[in-house]
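Engineer: Just need the structure, nothing else, for what follows:
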Amino acid sequence: EKNPAVTLSGKPELVGMKVDTSEYLDASKPIKQSFTLAKSTKAGSLSFKGTLTYFFCSDADGWCSRFKQPIDVTVTVAP
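Structural biologist: This is a model prediction of the structure:
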């Protein structure tokens, strides 16, 4: 969701994985996304929301499906 205090920086990083179209995402590994806060952001708790969209597939059954997972992030902004 749009939040004037938060701007995404760069692309999501698949921690511990090389990006290869023949490789599936290891769901036990984290995904990192950098962000920056506006200079006008006040100290204290800041919450923002987003949506992670991904596909999951079954090779055995020959299908893929898209899923949207809402995410809520809360950070503490130091003075």
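Engineer: Need the contact partners of the helix or strand hosting residue 56.
Structural biologist: Per DSSP states H and E: residue 56 is located in strand 44-58. With contact meaning C-beta atoms under 8 Å, 6 or more residues apart in numbering, strand 44-58 is reached by 1, 3, 5-6, 24-25, 31, 37, 63-77. Where C-beta positions appear, they are placed from N, C-alpha and C, glycine not excepted.
Engineer: distance between the helix or strand following that strand and the chain's centre?
Structural biologist: Downstream of strand 44-58, the first helix or strand assigned by DSSP H and E is strand 63-77. Centroid separation between strand 63-77 and its chain, computed with C-alpha atoms, centre = their mean, to the nearest Å, is 6 Å.
Engineer: Now for residue 12: which residues touch it?
Structural biologist: Residue 12 neighbours (C-beta under 8 Å, 6+ apart): 31-33.
Engineer: And for residue 1?
Structural biologist: The neighbours of residue 1, taking C-beta under 8 Å, 6+ apart as the test, are 48-50.
Engineer: List only those of the residues you listed flagged as buried.
Structural biologist: 48, 50 (16 or more other C-beta atoms under 10 Å).
Engineer: returning to that earlier point: make TSV from the contacts of residue 12 and add distance to residue 14, pLDDT and secondary structure to it.
Structural biologist: Output for those, formatted as TSV (distance: C-beta to C-beta, whole Å; pLDDT from 0 to 100; DSSP: H, G, I helix; E, B strand; the rest coil):
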residue	distance to residue 14	pLDDT	secondary structure
31	6	85	strand
32	8	88	strand
33	11	90	strand
